[in-house]
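Enquirer: One predicted model, sequence on top.
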Amino acid sequence: MRLGLLLIEPPGKPASGWIIGIWVVMLTLIVGLFCSGVICGVAGTTLGGWESVWFYRDAFWKGWLLTIILSIFSLAGSLLIGLVAALARRSIILPLRSLALLYVEVIRGTPLLVQILVFYYVVANGMGLENRLVAGVIILSLFSGAYLAEMIRAGIEAIPSSQIESARSIGLTAFQSYRFVIAPQALRHILPPLAGQFASLIKDSSLLSIIGIGEFTLAAQQVNSATFRTLESYLPLAIGYLALTFPVSLLSKLLEKSMRYEA
Amino acid sequence: MKLEALGVSKSFGGGDTVRQVIADLTLKVEFPNVLTLLGPSGGGKSTLLRLFAGLELPDAGSLILDEVVVPREETPLRAYRRSLGVVFQSFNLFPHMSAFQNVLLPLTAVHGLDKDSGSDRATEVMRRLGLADHGDKLPSQLSGGQRQRVAIARAMAIRPRFLLFDEPTSALDPEMTAEVLSLIAELRESGTPMLLVTHEMAFARRISDQVAYLANGKVLECTSSGNFFACPTTEQARRFLEKVLSY
């Protein structure tokens, strides 16, 4: 009962002393456990271990760069797909709407790993698409596009109907309304979650290692199997991803602040 | 200006919640400057204005403005809307654009002015409406009265053949209301005919040539402003005036 209370404490209401106490103890325990694990692991590494991994720094570097390239192309692809799907979801043509809904539901209802396997081994294979990188970008774009479609749709629908009415009353065409009124306002709503989605995309690209795309995660796995140095291979992997996602997350927070304006 | 509504009906909603707002309404009125629609809330005033503004389509009947029938197809209807200036209760400015850009957008995007002549026109109108110092501000940085003046500037700048005001002061405090009403009174002299929906009785009495009293989706009375306020002929209008003028 009291523990339940602890979890539903509404934000903004100052927590009482003993609740803060419990939080502090719990957090200390969790953080302490995690840190001691990492410290023990790092302590278990040897200079030789780090040296043998250092020998493969080129593989890390290439994998890391490939992850960036995959992410950027997938971002562009998912923006395009997301925009088209979002507009299709709002279309007055019913089959188009249903198709877009089906796409969004199927993608959001299945794991990315399954999508990668199905697309690469079934669809791409059937279409004779040999290039793994292209296949990887297509899969990630399709995956991320479904989430972006919903964000874009929500962004458009967040615009009050009085704005669209105002656009109509001054005589803008539908396209002009999107261009001058809807898109600029929707963009401000969408940009922060969009940056978040980009961070997810970077992380999700790690799953492409399963179909043998030599991105960052696969590179680390290969280094691991060549050196038998687990922590020395995977710690740089985690840090490498953080080095990509952290700036994006900062950017997202910055955008959120600067994009705010009163309606 | 001559306004005609012939057997116009308009309902909203569907299924069990259909609400008829305009019921077989007929109105024929001619006026030099200002026609004001008065009546109780929900009586159909705003809807009738929106029908004449081309923002709603009637379920039945037709609307005629100076011998021109309001079209029903989207493309000619858009051309029709372009010839009018509409001012809304809640201003409906574009919040991501400066006041100046709000006034400029219809000029360049819709009315084919190039950037220079559009800017000149927008600057001139804003100066005339006392907004010269506020061009660079976003709507959120302006007071309610200033926002409504920007909205009026946006409607005026295109040199419309007809101006429609839908409760332009209902979202404003008394001081700002006075600011906007005196501006509308000034605009009366500029010669563009106006259709006005308002709850400001004293103002309506002073500014209107003709008054139409609407209740339950019908025009119960349409006469000169002087006549209407001095001796309303219908019982309903008389009670309405008694109520609103008693304070």
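Expert: Nice, I can see it. What you see is a predicted model; the values in this text were computed from it and never measured.

Enquirer: With adjacent residues omitted, what lies nearest to A:S233?
Expert: A:N224 (3.9 Å; CB to CB, 6 or more residues apart in numbering or on different chains). C-beta: built from backbone N, CA, C; applies to glycine.

Enquirer: Quick check: the gap between B:S11 and chain A.
Expert: As judged by CB to the nearest CB, to the nearest Å, B:S11 and chain A stand 19 Å apart.

Enquirer: tell me the phi and psi of whatever residue of the stretch 1-150 of chain A ends up closest to chain B?
Expert: Proximity of the stretch 1-150 of chain A to chain B (CB to the nearest CB) peaks at A:I92, 11.9 Å away. Dihedral pair for A:I92: phi -90, psi -10, per degrees, to the nearest 10.

Enquirer: helices or strands up against the helix ranked longest in chain A?
Expert: The longest helix of chain A (DSSP state H) is helix A:57-89. Here helix A:57-89 touches helix A:94-109, helix A:132-157, helix A:183-204, helix A:216-227, helix A:230-258, going by 3 or more CB pairs under 8 Å, 6 or more residues apart in numbering or on different chains; DSSP states H and E.

Enquirer: again, 10 Å this time
Expert: helix A:47-54, helix A:94-109, helix A:132-157, helix A:183-204, helix A:216-227, helix A:230-258 (3 or more CB pairs under 10 Å, 6 or more residues apart in numbering or on different chains; DSSP states H and E).

Enquirer: What is the burial count for B:N92?
Expert: B:N92 has 24 neighbouring residues, counting by other CB atoms under 10 Å in any protein chain shown.

Enquirer: Near chain B, which residues of the stretch 151-263 of chain A? Just list them.
Expert: Selection of the stretch 151-263 of chain A residues close to chain B by CB under 10 Å from any CB of the partner chain yields A:159-160, A:162-174, A:176-177, A:179-181, A:184-185, A:187-188, A:259, A:261-263.

Enquirer: Report the central residue of the chain.
Expert: Went with chain A since none was named. Nearest to the geometric centre of chain A sits A:S200, at 1.4 Å (CA atoms, centre = their mean).

Enquirer: nope, chain B please
Expert: Taking CA atoms, centre = their mean, chain B has its central residue at B:F165, 2.0 Å away.

Enquirer: Skipping its backbone neighbours, what lies nearest residue 104 in space?
Expert: Here I'm looking at chain A. Nearest one to A:V104, counting by CB to CB, 6+ apart, is A:A146 at 4.7 Å.

Enquirer: think we crossed wires, I meant chain B
Expert: Going by CB to CB, 6+ apart, B:L104 has B:A122 as its nearest residue, at 4.5 Å.

Enquirer: which ones are touching that neighbour?
Expert: B:99-108, B:113, B:131, B:135, B:153-154, B:157 (CB atoms under 10 Å, 6 or more residues apart in numbering or on different chains).

Enquirer: change it to 6 Å
Expert: B:V103, B:L104, B:A157 (CB atoms under 6 Å, 6 or more residues apart in numbering or on different chains).

Enquirer: cool, B:G44 as well?
Expert: B:V21, B:I22, B:L214, B:G217.

Enquirer: how close does it get to chain A?
Expert: With CB to the nearest CB as the criterion, B:G44 and chain A are 18 Å apart.

Enquirer: so which helix or strand takes in B:A5?
Expert: strand B:2-12 (DSSP states H and E).

Enquirer: buried set for that strand?
Expert: B:L3, B:E4, B:A5, B:L6, B:V8, B:K10, B:S11 (16 or more other CB atoms under 10 Å in any protein chain shown).

Enquirer: Tell me what the fourth one is bridged to.
Expert: So the one you mean is B:L6. Residues in a beta bridge with B:L6, per DSSP bridges, are B:S62.

Enquirer: any idea how far it lies from chain A?
Expert: Taking CB to the nearest CB, one finds B:L6 at 23 Å from chain A.

Enquirer: give the contact list for that residue.
Expert: Per CB under 6 Å, 6+ apart, neighbours of B:L6: B:T26, B:G61, B:S62.

Enquirer: Isn't the second one up against B:K10?
Expert: No. The pair B:G61 / B:K10 is not scored as a contact, 8.7 Å apart, by CB atoms under 6 Å.

Enquirer: Find me the pLDDT at A:V24, would you?
Expert: On the pLDDT scale, A:V24 is placed at 90.

Enquirer: Revised request: answer the last question for A:S16.
Expert: 76.

Enquirer: name the helices or strands packed onto the longest helix anywhere in chain B?
Expert: Longest helix of chain B, by residue count under DSSP H: helix B:174-190. Secondary-structure packing of helix B:174-190 (3 or more CB pairs under 6 Å, 6 or more residues apart in numbering or on different chains; DSSP states H and E): helix B:144-157.

Enquirer: The helix it packs on vs chain A: in contact?
Expert: No. Using CB under 6 Å from any CB of the partner chain, helix B:144-157 stays clear of chain A, coming no nearer than 7.1 Å.

Enquirer: Just want the angle from the next helix or strand after that helix to helix B:144-157.
Expert: On the C-terminal side of helix B:144-157, the nearest following helix or strand under DSSP H and E is strand B:162-166. Strand B:162-166 and helix B:144-157 meet at an angle of 150 degrees, taking axes from the mean of the first three to the mean of the last three CA atoms, to 10 degrees as the criterion.

Enquirer: Average pLDDT for strand B:162-166, rounded please.
Expert: Per-residue scores along strand B:162-166 average to 95.

Enquirer: Look at B:H199 and give its secondary structure.
Expert: Three-state assignment for B:H199 (DSSP: H, G, I helix; E, B strand; the rest coil): coil.

Enquirer: How much space separates it from B:L138?
Expert: Applying CB to CB, to the nearest Å, the value for B:H199 to B:L138 is 29 Å.

Enquirer: Quote the end-to-end distance of stretch A:167-184.
Expert: 13 Å (CA to CA, to the nearest Å).

Enquirer: buried sites along that stretch?
Expert: A:167-172, A:176-178, A:180-183.

Enquirer: Would you mind putting those into CSV with pLDDT and secondary structure alongside?
Expert: Shown next, in CSV, are those (pLDDT from 0 to 100; DSSP: H, G, I helix; E, B strand; the rest coil):
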residue, pLDDT, secondary structure
A:A167, 95, helix
A:R168, 93, helix
A:S169, 94, helix
A:I170, 93, coil
A:G171, 93, coil
A:L172, 94, coil
A:Q176, 95, helix
A:S177, 94, helix
A:Y178, 92, helix
A:F180, 95, helix
A:V181, 94, helix
A:I182, 93, helix
A:A183, 91, helix
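
Enquirer: tell me the pLDDT at A:L3?
Expert: So, for A:L3, pLDDT stands at 52.
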